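>>> only geometry, no sequence info:
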């Protein structure tokens with residue numbers, strides 16, 4: 001689906017360099033504003049991370065991503081708490097199910113268990129944490145920390161591929177692999 005959306009939005013006959021030039025000309029504000037809100041609708045964040053550094057450089061990309069993710073997670077939490085919760089409660093009222101409430105002693109564990117599994121879209125994970133009653137501080141800390149580690153690795157990776165920098169590519173790959181190993185360890189530790 002993402003490929004179809006990108007294909008529909010990609011200007012006819014445009015090369016990657018052309019699109020990157022347009023992103024640069026538009027500037028970082030629209031780019032990182034899109035990163036803050038578009039993923040809430042289900043669009044993946046990885047393409048944003050990979051394209052950021054070739055367009056704006058590593059420091060601006062890391063700072064812009066950090067701020068955009070902070071806005072994204074705050075907005076997602078607010079949306080889930082104030083709009084999705086009521087709708088889901090009405091929907092579940094027709095069934096025998098209720099939205100789960102997590103005990104205070106399990107907030108960190110449940111937040112990690114929701115955030116860590118691969119293959120589930122991040123927006124869904126964020127909505128689930130908010131709907132499960134995870135307090136904002138814990139939700140934000142878990143979501144932002146783990147997402148930023150991945151984002152920094154992807155930003156470095158995107159920059160190094162564009163610059164054909166093998167050392168940078170290796171550094172970005174190492175950050176992502178270390179995150180994967182940490183996620184496996186955390187899942188093993190808190191999943192039982």
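Cool, got the structure. For clarity, every value in this text was computed on a predicted model and none was experimentally measured.

>>> Please identify the buried residues of the lengthiest helix in the chain?
Longest helix in the chain by number of residues (criterion: DSSP state H): helix 136-163. Within helix 136-163, the residues that count as buried by 16 or more other C-beta atoms under 10 Å are 138-140, 142-144, 146-160, 162. Yep, even glycine has a C-beta here, placed from its N, CA and C like the rest.

>>> Out of the helices and strands in this protein, which is least certain?
Every helix and strand of the chain was ranked by mean pLDDT, DSSP states H and E. The lowest is helix 2-9, at a mean of 46.

>>> State the next helix or strand along the chain beyond that one.
helix 16-26 (DSSP states H and E).

>>> Now that following helix: buried residues?
Across helix 16-26, burial judged by 16+ other C-beta under 10 Å covers 19, 23.

>>> tell me the angle of it relative to helix 136-163?
Counting by axes from the mean of the first three to the mean of the last three C-alpha atoms, to 10 degrees, helix 16-26 lies at 130 degrees to helix 136-163.

>>> gap between the next helix or strand after helix 16-26 and the chain center?
Next along the chain after helix 16-26, taking DSSP H and E as the criterion, comes helix 28-37. Relative to its parent chain, helix 28-37 has a centroid offset of 13 Å by C-alpha atoms, centre = their mean, to the nearest Å.

>>> tell me which strands and helices helix 28-37 is in contact with?
If you count contacts as 3 or more C-beta pairs under 8 Å, 6 or more residues apart in numbering; DSSP states H and E, helix 28-37 packs onto helix 46-56, helix 58-79.

>>> could you give the mean pLDDT of it?
Mean per-residue pLDDT for helix 28-37: 94.

>>> Return the set of buried residues in it.
Buried residues in helix 28-37 (16+ other C-beta under 10 Å): 28, 31-32, 35-36.
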